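A.B. asks: Pasting the sequence and the predicted coordinates here, then a few questions.
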Amino acid sequence: MGMLSNSPGLLVLPLAAIFACSGGSGGDTADAAVDAMPLPDAFILPAFFTPQDNLSDDELATQALALINGDETGAGATTCTACHGITKQRLFHWRALADTTMSECLTDLTVPNQTVALEMLNCLRQDPTDPTSAFSPEKASIFSTGANLRWFEYAFRTAYGEGFQTEYDQFIDRVAMPKGTMTPYSQTEFDVLASWFTRGLPLLDEKLPEDPPPTECTPGVSAAVATHVADTTLNGWRAVNKQNGILMFGCDPKSDNVFDCLSSYEQAGDEKYSKDWAANVQDQQIRILRQNNYISDFWTRSSADGRYVGHGAQTGGARSRIVDLQRDLAIPGTAFYDPSFFPDNSGFMFQTSRAYMCNQSLLATTESITYNQESECTISNEIGLYQHVGANVSSGDYWAVAGQFVSDGGHGRVLSDPDAGFSGGSRVKFTPFIHDGTSYSAGEEHPIDIPFEGDTIISASSKMILSRLRGPGDNQLGFVMREVTTTETQAGYDIELNEVARYCFNGGKPAFSYDDRWLVLHHYIGNADAVDLGYTSFSDPEFESYRNNGSANIYLIDTLTGQVTRITKMRAGEYALFPHFRSDGWIYFMVRNLGSGSERIVASDAALRLEAASQN
Amino acid sequence: MRSSSQAVLAEDRNILGAPGTYPADTSLRARTAELNASQKLRREAAWQSVAKLLQPVEFGQTIPNLSSPNTIPLWQSFYGNDEAERLFLHLFEGLSPAERSSQTRFTPVSIDDAFGWNVNEVEGLANWPEERRLAYLEAIDSNAKLTGIAGVDQVGINPPALRHIVSSYPEILRCIADAPPDASDEGPGQSVQEMLRVPLSLAACEEAQLFGPFALSQGETLQASFSGSGQELGGATLSVHANSPTGQMECESDTRCEVSGEREYYVRVLPGPEPLSAALQVDYKSPSSNWSSCLNKPFSTDSVIVKASWNRIFASNTLPTYKTSADALRRRLADNDTEGWGQEDGTADPGPDAIYTMELPNGQRYRLTGLHIMTKELDHWQWISLWWSDEPDLDFGQDRPQSIDDLEGPWSNYKMCAVSKFNESDPLPGGGFEQSAPDLANALTSVYQGVGQPSWCSNPYIEEGSHNMATNCIGCHQHGGTTIASEDIIGMPTLYPQNGRSQVRNNFPQDYSWVISRGEQLGLYFKEVVAFFGVQE
């Protein structure tokens, strides 16, 4: 997507087209009347939004920011801050996206006929040329806050006729903001938001004063990390799962040699395309587990036993897939993205417009998953997007964390790590799933302030969390790790966080190993990586291909020492993404090639090799 | 989902020791008709079974920070689902690749060995060095923590029942692949049912050991045999006696006896000049159809399966309470189609002296609200349900025998219902309790629909949801081994009349057990293990 200037005031819109029926007068009375009206006849064109010309810049900015910041507390709230850090950079970025939406997709708000309607709506899909590809919130931009309103319904009716509801529901599920149990914005509220963005976010600087984010990252690891890892070595999920005899995919259960696992799969380097993928770790094996004939969407996560690999799906006719490596089957599903597997191999969570929790046993036999029809699945309204889950080994309760996040789809060409635009009001929200004696139910959400941090993950043990730290310009400064202490109280739990480490390295959302000893993450290659990759500088002509096509590599961070090790060297246009551990220490990740319609599931034993080397 | 922290893990079993033995009454099946026809006799037998299951059994290890004896109720020493899975995996791993490929049945001896391995498995685990094991043991400093070692697994399976399940894995897998038989199918041929299997280790010329009585019906055959041969038997003999331990000897052999006829039999084992180290197995052969084609054969007579209902104790929560008086039951029966047991009558916050309570090693505390019991002492099982009550001496607790009240622990606060048949055969609405336990008689009358009409037994803490208050355990369990949903069984009267209480099947695919095909789905786990090894090999 082409980026526009971040400067406000440059947006040019076909404003005349917006006034479909309500004229330009706006005003509270008229808007209230529109809100109160019953659903219009399908053939009466509603206004997309009514520009709030009667409001001054000051009034408009004040009202719009109040709507964006909202009130995060309680069910039915309406706010953007539950998921997004509202920084100036972020709002400028959203305004740029809005400009693109209006100039490239929503080009004729009068929706004159079916052809135009289809063109406009397909433009809001991830792949506009594929009418089955998913609708994209990013392409709908700030106008996703009006997805529930009448204009979009009218456009879908016009585009799809009588059977419009299915497509419209998918659009709402996928695009409508805010998500979850929050209340959608009303037409009146949307009018204010859309007006502010299309007017160019006037007075943003004055109206959104921010405490300055940190400017430095000082690396450090406290002794508490060593104490914790010593405990999890005996009592973490890696040890407990091994004790419980979970059957690690591709391993001989009668063998203790974990390096023999997955040996039946092709090794990187056996074929030309994967030559030199492995880097920096002696004897590292990278095994190619599967080639998927579709493109995944957002992150990938796997079951503790490594048998199931789940992710959203951009292409291939299903919204998401969970690959059963044992049956060599990519199970299609109706969830969207963000799978999380519980560390005890018992279940998984997957996001639609809500979060579903399912028994993992479902995956052994099913050919497809609809989530709302399987008895093995239950819905949870409490969990936000980009959630991560863990389970306390000793208490048995499961925990999910969510909060402000930055989308990292890995789609297309990416030339830098995701931004870290987390606001000073950022909070991480802990939700326990409490065993009451017979079943699990979600407990009360516990929000805790973590200013300027987001993309928080929780370790398998649920005793550590890690967040990406914002620096100047919404750029990332590093990672902050905190120890989590939970205490049962009358109301449920008290949660205390203590910072135990800072790792001053940047990349996408990491994942913990099952003993909390390692973090693994992808890092998009930028100019600063040229020397590490063996080039003289970023201006080295041989580095040009990276500058043009981008790439991503996999990195390990030793939580005990902070030592960072790059374990892959992908070619330009080749992206190693979304790494994560399975229970025994093998790492899974995805490999995408720019422009390709397929991608690979890949496994590495790098962390195990480093562990073995450190013990010798 | 379930969490392993609530299960009996290797470190816990090592402390618990092997599960205790349920002393099954192998003659009870001879009284089936009279139990069916008398609520009073049925309840007496059920209370006796409850008393046996509540008997304290000693822990395998001495607990250093608690005074002895350290005990746990027998039922809580049974295997949970996680252990059943671990044992199956261990057994299947122990087969050769060819045996795994052909799904060879485990030998009785290999299952004995696996049961023994399970107790000491922790000693071979790298993450449980001796000092950690000792620290774990020393952390047990209260009776609540002691009982917590047994976890909060919902299901408890005694060793004979689990032996039968794991040895039936080929049939279980076949039924998963081919689907269980249709309800109307008649199973062909004879069935052999195990009544007893007991390992024997007797010195040379030691005193004879007596087992029984074993009751046979008309047309049935009793088989008694040693598993073992030659040197292991040491010249021992076994003999079968009719009607009394010293009654007429019907058969004598050094390997195997077989007798027929409708009476009670006793089996006597006399060691020979050399020590005896083998197992005695007593089976009966029935001319009736093999009603459990998704198992190797029906469960053995000494099999017991329990399902516990636990309630986690938080600082702020209380326990719902339910009245089971005649009036209360009538009211709830009227609302059964919409409410089931529905809204509680009140709340209570009973302490450990009033309700069975335990504390897991992680500090979480749970109280036992209900216990669902099935014992195979009857061909169609004996069905018993216990529930905690804040009015324990009324109605379903009014006939509780002194033997229960005398037990250590708060067991006198539990009420009980019992069923032995789909339909009621007792002509007395009040079960004959009008004089001795009038509240009970009234309560029984309120759920009595007449001879030939469905029986009743429903636990307010276990039978949740609409339609579930007018159930009888056996009706739902007849479908064990099928994929029929519980909600359908109790809520689709055209297919399953009387909230599923009526017999609608000619066969019982997994002999009334749900533990294999529902809940934690042991059968599915078996399938996954077999498939996993199939991929590897």
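C.D. replies: All right, it came through fine. Numbering: from 1, shown residues only, chains lettered A, B, ... in the order given.
A.B. asks: ranges for the strands of the stretch 401-550 of chain A?
C.D. replies: A:427-435, A:440-442, A:446-449, A:453-458, A:464-470, A:476-488, A:493-503, A:511-512, A:518-524 (DSSP state E, counting those that start in this stretch).
A.B. asks: Would you convert these into JSON lines that also reports mean pLDDT, distance to chain B and mean neighbour count?
C.D. replies: Every C-beta, even on glycine, is put in place using the N, C-alpha and C of the backbone. Below are the strands of the stretch 401-550 of chain A laid out as JSON lines (pLDDT from 0 to 100; distance: least, CB to the nearest CB, whole Å; neighbours: other CB atoms under 10 Å in any protein chain shown):
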{"stretch": "strand A:427-435", "mean pLDDT": "87", "distance to chain B": "6", "mean neighbour count": "23"}
{"stretch": "strand A:440-442", "mean pLDDT": "77", "distance to chain B": "6", "mean neighbour count": "17"}
{"stretch": "strand A:446-449", "mean pLDDT": "90", "distance to chain B": "15", "mean neighbour count": "16"}
{"stretch": "strand A:453-458", "mean pLDDT": "94", "distance to chain B": "16", "mean neighbour count": "26"}
{"stretch": "strand A:464-470", "mean pLDDT": "96", "distance to chain B": "18", "mean neighbour count": "27"}
{"stretch": "strand A:476-488", "mean pLDDT": "92", "distance to chain B": "7", "mean neighbour count": "20"}
{"stretch": "strand A:493-503", "mean pLDDT": "90", "distance to chain B": "10", "mean neighbour count": "17"}
{"stretch": "strand A:511-512", "mean pLDDT": "96", "distance to chain B": "18", "mean neighbour count": "26"}
{"stretch": "strand A:518-524", "mean pLDDT": "97", "distance to chain B": "18", "mean neighbour count": "25"}
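A.B. asks: Redo these as a markdown table? Include distance to residue B:485.
C.D. replies: What follows is the strands of the stretch 401-550 of chain A, written out as a markdown table (distance: least, CB to CB, whole Å):
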| stretch | distance to residue B:485 |
| --- | --- |
| strand A:427-435 | 24 |
| strand A:440-442 | 20 |
| strand A:446-449 | 36 |
| strand A:453-458 | 35 |
| strand A:464-470 | 39 |
| strand A:476-488 | 35 |
| strand A:493-503 | 35 |
| strand A:511-512 | 37 |
| strand A:518-524 | 42 |
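A.B. asks: so where is the stretch 151-300 of chain B shaky, pLDDT-wise?
C.D. replies: The stretch 151-300 of chain B contains residues with pLDDT under 70 at B:186-191, B:287-290.
A.B. asks: Residue numbers of it in contact with chain A?
C.D. replies: Residues of the stretch 151-300 of chain B lying near chain A by CB under 8 Å from any CB of the partner chain: B:152, B:154.
A.B. asks: Quick one: the helices in the stretch 151-300 of chain B, in order.
C.D. replies: B:159-167, B:169-178 (DSSP state H, counting those that start in this stretch).
A.B. asks: most packed of these?
C.D. replies: helix B:159-167 (a mean of 24; mean count of other CB atoms under 10 Å in any protein chain shown).
A.B. asks: Packing partners of that one?
C.D. replies: Judged by 3 or more CB pairs under 8 Å, 6 or more residues apart in numbering or on different chains; DSSP states H and E, helix B:159-167 is in contact with helix B:81-93, helix B:108-120, strand B:191-202, strand B:304-313.
A.B. asks: mean pLDDT for the ones you listed: which is lowest?
C.D. replies: Mean pLDDT per stretch puts strand B:191-202 lowest among the helices and strands packed on helix B:159-167, at a mean of 81.
A.B. asks: and residue A:238, what element?
C.D. replies: helix A:237-243 (DSSP states H and E).
A.B. asks: ok, then the element right after that helix?
C.D. replies: Counting by DSSP H and E, what follows helix A:237-243 is strand A:266-267.
A.B. asks: and that following strand, which strands flank it?
C.D. replies: Neighbouring strands of strand A:266-267 in its sheet, by DSSP bridges, are strand A:286-292 (antiparallel).
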